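S.K.: Got a predicted structure here, sequence first:
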Amino acid sequence: MGKSWKNPFKVAQAQKKGQIFTKLAREIQVSAKLGGGDPDANSRLKMAINAAREQSCPKDTIERAIKKGTGELDAGIIEELTYEGYGPHGVGVIVECQTDNRNRTASEIRSIFGKNGGNMGESGCVSWMFQRTSLIEGKKDRVSDPEEEAIEVGANEVDENKENNIYSFYGAPEDLDSIRSALQERGWEVNAAELSYIPTNITDLSDEQLADVTKLLDSLEENDDSHRVYATIK
């Protein structure tokens, strides 16, 4: 294997990869617990497994996570928790976490806010600055009119990420499954389908202020227990 421990960059990369695997495994475990261990009958689990495979997550890690979720292997209970707070310059921030220790996670998230010019608040303190929505991401070989696709599947709007040819469809929270199913029936490869948040009160920031906020958001995303991070920025 070589003495990779002598190379700080390699060690950092390995640690980051391990952190990614941990987060992917938690999502698989939660998905299996909520919907069962058969990916063909559990769309959330199927997408979680596909996401893990795209990151070259080891097969045994995926299988252990499924068995932990279904109770075939002993495991701690993974909870899904949401924290809210204000970042620098009044930016609203929502952090969704998956954790086996809520006290540890709350303490760490609060500390990250404090160290980066923010303040973790009570539940509901910034959620009014966001709209709850369904988010379905997918790709298709030929897309002649994405707006028409959105109308046909019952989505409210659609955005395109031209870098990786991924389209994001947004709709009412209760329409998550129907939009996902409709897209798949129309030949879309769906790689994410989840409830999300869209900021409705955008905080205007200078480049220098945005850098302050980005530092906080990066720190939150790097936390082992964080799953999704949302902010009132463009």
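M.R.: Nice, I can see it. What you see is a predicted model, and the numbers here were worked out from it, not measured in a lab.

S.K.: What residues of the strand or helix carrying I49 count as buried?
M.R.: Counting by DSSP states H and E, the element that carries I49 is helix 43-54. Buried positions in helix 43-54, judged by neighbour count with 16 or more other Cβ atoms under 10 Å: S43, R44, L45, K46, M47, A48, I49, A51, A52. To be clear about C-beta, it is placed using only N, CA and C from the backbone, and glycine gets the same treatment.

S.K.: same thing with stretch 198-205?
M.R.: For stretch 198-205, a neighbour-count test (16+ other Cβ under 10 Å) marks P199, T203, L205 as buried.

S.K.: on that earlier part again, and the helix holding I49, what does it pack against?
M.R.: Applying 3 or more Cβ pairs under 8 Å, 6 or more residues apart in numbering; DSSP states H and E, one finds that helix 43-54 contacts helix 8-35, helix 59-70, strand 189-199.

S.K.: Looking at the buried residues of stretch 198-205, spot the one nearest V30.
M.R.: Within the set of the buried residues of stretch 198-205, P199 lies nearest V30; the separation is 25.2 Å, counting by Cβ to Cβ.

S.K.: For V93, see how far away that closest one is.
M.R.: When distances are taken as Cβ to Cβ, to the nearest Å, P199 and V93 turn out to be 10 Å apart.

S.K.: Overlap of the contact sets of these two?
M.R.: For the pair P199 and V93, residues contacting each of them under the criterion Cβ atoms under 8 Å, 6 or more residues apart in numbering are Y230, A231, T232.

S.K.: Among the residues you listed, which ones are in strands?
M.R.: Under the assignment DSSP state E, the shared contacts of P199 and V93 contribute Y230, A231 to strands.

S.K.: so what's the residue nearest to Q29 when sequence neighbours are not counted up against?
M.R.: The spatially closest residue to Q29, leaving aside those adjacent along the chain, is G69, at 4.1 Å (Cβ to Cβ, 6 or more residues apart in numbering). Residues touching G69, when contacts are defined by Cβ under 8 Å, 6+ apart, comprise I28, Q29, V30, S31, A32, K33, G37, L45, A75.

S.K.: now do 10 Å
M.R.: Taking Cβ atoms under 10 Å, 6 or more residues apart in numbering as the definition of contact, the neighbours of G69 are 25-37, 42, 45, 48, 75, 78.

S.K.: How about G36?
M.R.: In this structure, G36 makes contact with N42, L45, I66, G69, T70, judged by Cβ under 10 Å, 6+ apart.

S.K.: right, and the first one touches D177 too?
M.R.: Spelled out, that is N42. No: using Cβ atoms under 10 Å, N42 makes no contact with D177, being 12.0 Å away.

S.K.: who's more crowded, these two?
M.R.: Residue environment comparison for N42 versus D177 gives the larger neighbour count to N42, 19 against 12, counting by other Cβ atoms under 10 Å.

S.K.: quick one, what contacts the more buried one?
M.R.: Taking Cβ under 10 Å, 6+ apart as the contact definition, N42 lies against S31, A32, L34, G35, G36, A48, I49, I66, G69.

S.K.: and of those residues, the nearest to Q209?
M.R.: Of all the contacts of N42, Q209 sits closest to A48, with 35.4 Å by Cβ to Cβ.
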